[in-house]
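K.L.:
coordinates only, no sequence provided:
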């Protein structure tokens with residue numbers, strides 16, 4: 001009789017993955033990063049444990065989008081005060097904080113549960129091609 005294997009937290013090994021966003025499509029790169037953060041690429045993947053790896057994304061300012069998303073895609077948040085609805089287009093976001101574009105896309109692809117915050121802590125989005133996390137690899 002075979003039993004289903006479930007890994008223990010102490011058995012989880014975390015690797016480092018470096019992705020280059022230069023010339024990549026936003027959604028495709030975000031999907032790849034979310035898969036690595038969740039640990040779905042590992043044979044011992046289980047949904048109730050945080051088994052993902054560390055992900056570093058370089059050149060976040062050079063990410064590409066298709067169609068007219070540069071002008072039409074709008075990021076919305078609310079300050080919490082009356083009349084505090086704030087909206088910014090992808091074009092303006094790219095000038096102000098280009099790393100937030102990728103972070104927002106990846107956050108939307110992660111499960112909306114208690115593990116999401118832990119997974120996002122292992123995401124490192126970097127402007128430029130210099131990897132400040134190379135010493136940890």
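P.N.:
Happy to help now that I have it. Quick caveat: nothing in here was measured; it's all calculated off a predicted structure.

K.L.:
how about the helices of this protein, start to end?
P.N.:
Ranges of helices in the chain, per DSSP state H, are 26-38, 69-72, 90-96, 99-109, 116-121.

K.L.:
and among these, the most buried is which?
P.N.:
Among the helices of the chain, helix 26-38 has the highest mean neighbour count (mean count of other C-beta atoms under 10 Å), at a mean of 19. The C-beta positions use only the backbone N, C-alpha and C, and glycine is treated the same way.

K.L.:
what lies in contact with that one?
P.N.:
17, 19, 21, 41, 45, 51-53, 55, 57, 63-65, 101-102, 105-106, 108-111, 119-120, 122-123 (C-beta atoms under 8 Å, 6 or more residues apart in numbering).

K.L.:
swap in stretch 86-94?
P.N.:
By C-beta under 8 Å, 6+ apart, the residues outside stretch 86-94 that reach it are 61, 65, 69-79, 96, 100-101.

K.L.:
same thing but 6 Å
P.N.:
69, 70, 71, 73, 74, 75, 76, 77, 101 (C-beta atoms under 6 Å, 6 or more residues apart in numbering).

K.L.:
chain neighbours aside, what residue packs nearest to the second one?
P.N.:
Read that as residue 70. What sits nearest to residue 70 in space, not counting adjacent residues and going by C-beta to C-beta, 6 or more residues apart in numbering, is residue 91, at 5.0 Å.

K.L.:
how near is that neighbour to residue 1?
P.N.:
60 Å (C-beta to C-beta, to the nearest Å).

K.L.:
for residue 67, same thing?
P.N.:
Where residue 1 is concerned, residue 67 sits at a distance of 54 Å (C-beta to C-beta).

K.L.:
go on, residue 72?
P.N.:
For residue 72 relative to residue 1 (C-beta to C-beta), the value is 57 Å.

K.L.:
and the residue nearest the centre of this protein?
P.N.:
residue 106 (3.5 Å; C-alpha atoms, centre = their mean).

K.L.:
quick one, strands of this protein?
P.N.:
16-20, 54-58, 74-78, 85-89, 123-125 (DSSP state E).
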